[in-house]
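Trainee: From the sequence below, what's the structure:
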Amino acid sequence: MIEDIKIPEVKNVTVAVVKDELAEEEDWKVYLLNDNEFALENALVASKGYGENEGEVQKTSTLRHFIQTVPSKSSAVIEPINPSLFHLNNEYWVSYYIGERIYDKRFVFLPDSICDDNLTFIKLLDRKGILHS
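Mentor: Prediction:
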């Protein structure tokens with residue numbers, strides 16, 4: 001039965017959007033963060049944007065990114081993100097393996113939540129960014 005299926009809880013894995021403050025132009029990147037004592041293997045991240053602009057439905061293509069290994073206490077770049085998409089819901093569906101067990105979680109940055117006002121220090125990256133909580 002479906003109630004017999006045990007879904008493992010994702011712990012110490014999240015997504016962050018970081019602004020490159022040294023770049024000449026506005027440059028933002030999305031990172032997968034692993035704050036565990038073990039590596040994440042075969043991570044697959046599906047990203048997409050969706051929402052409305054002036055009453056018109058908008059959505060982006062779904063992109064899929066494969067990251068073979070995210071070592072413990074480290075991060076990996078998922079993709080650059082264009083600021084023209086910040087008015088949309090920006091969704092990152094992350095799946096990865098720990099041993100032979102698969103874990104997955106959906107992270108959604110709400111419209112206009114990616115902005116300078118929401119920057120906070122992210123210890124794992126040693127930089128400021130927007131950390132999904």
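Trainee: Return the list of strands paired to the helix or strand hosting residue 102, each annotated with direction.
Mentor: Element membership for residue 102, per DSSP states H and E: strand 101-109. Strand 101-109 has the following strand partners under DSSP bridges: strand 89-98 (antiparallel).
Trainee: Can you list the helices and strands that the strand ranked longest in the chain packs against?
Mentor: Across the chain, the longest stretch assigned as strand under DSSP state E is strand 40-53. If you count contacts as 3 or more CB pairs under 8 Å, 6 or more residues apart in numbering; DSSP states H and E, strand 40-53 packs onto strand 28-34, strand 56-59, strand 63-70, strand 74-81, strand 89-98. Using the backbone N, CA and C atoms, a C-beta is placed for each residue, glycine as well.
Trainee: With adjacent residues omitted, what lies nearest to residue 124?
Mentor: Excluding the flanking residues, the one nearest residue 124 by CB to CB, 6 or more residues apart in numbering is residue 33, at 5.3 Å.
Trainee: Assess the claim that that neighbour and residue 16 are in contact.
Mentor: Yes: taking CB atoms under 8 Å as the definition, residue 33 is a contact partner of residue 16 at 5.8 Å.
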